[in-house]
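J.: with the input below, show me the fold.
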Amino acid sequence: MQQGTIVAVCTSPGKGERKKDVGSAMLVEKFGLEGDGHGGDWHRQVSLLALESIDKMRAAGLDVGPGDFAENLTTRGIELYSLPIGTRLQIGSTVLLEVTQIGKICHTRCAIFYQAGDCVMPKEGIFARVLKGGLVKRDDCILVVETGSAE
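T.: Alright, predicted model coming up:
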């Protein structure tokens, strides 16, 4: 069973902007992170990006960290982009997410792309919907509890 750690919990009022690490927040069932612009009744309620992906951008010379790619949850220890759609992730003892999308199409180039000539979120970020809500906080354990089908 793959296991990792939550490194940062990030929110922002709008979509597509850098998010601030708030340390902890409530994940609301069928919505996303409380107070976050990404939340709503759709398939991309929560965005996740691995610290290992952010480290690739740091290696390219960028001064970036958790939240800078507009992700809600920054993780360590799980290769998120290799998880099939439908995979379920448990965070702490109560939260359950279902992976709904791997990567995304960036219709406009973000500031990160212009700084580095590349961005990891479109290829390595993932999106999920909240099946069971609860508090999520830095240092929580994140487990792959059920692998989806690679459709």
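J.: I'd like to know how far S93 sits from L143.
T.: Note on S93: its distance to L143, by C-beta to C-beta, to the nearest Å, is 11 Å. In this view, the C-beta of every residue, glycine as well, is placed from N, C-alpha and C.
J.: make that L27, sorry
T.: L27 is 15 Å from L143, by C-beta to C-beta.
J.: same question, M26
T.: 20 Å.
J.: the more surrounded of L27 and L143?
T.: L27 (29 against 15; other C-beta atoms under 10 Å).
J.: show me what stretch 138-151 is in contact with.
T.: Applying C-beta atoms under 8 Å, 6 or more residues apart in numbering, the contact partners of stretch 138-151 are 1-9, 21, 23-24, 73, 75, 77-78, 83-92, 96, 98-99.
J.: now the buried members of the residues you listed.
T.: 2, 4, 6-9, 21, 73, 75, 77-78, 83, 85, 87-92, 96, 98-99 (16 or more other C-beta atoms under 10 Å).
J.: give me the local confidence score for the residue nearest to G86 when sequence neighbours are not counted.
T.: Sequence neighbours aside, G148 is the residue nearest to G86 in space, at 2.4 Å (criterion: C-beta to C-beta, 6 or more residues apart in numbering). G148 is assigned 72 on the pLDDT scale.
J.: with A60 instead?
T.: So A60 comes in at 80 (pLDDT).
J.: just the one 4 residues further on next, same as before
T.: Note on V64: pLDDT of 85.
J.: and it, how many neighbours does it have?
T.: Neighbour tally, V64, other C-beta under 10 Å: 19.
J.: next, it: secondary structure please.
T.: Three-state call for V64 (DSSP: H, G, I helix; E, B strand; the rest coil): coil.
J.: repeat for the one 4 residues further on
T.: The three-state label given to D68 by three-state DSSP is coil.
J.: R18 is in contact with that one, correct?
T.: Yes - between D68 and R18 there is a contact under C-beta atoms under 8 Å: 5.2 Å.
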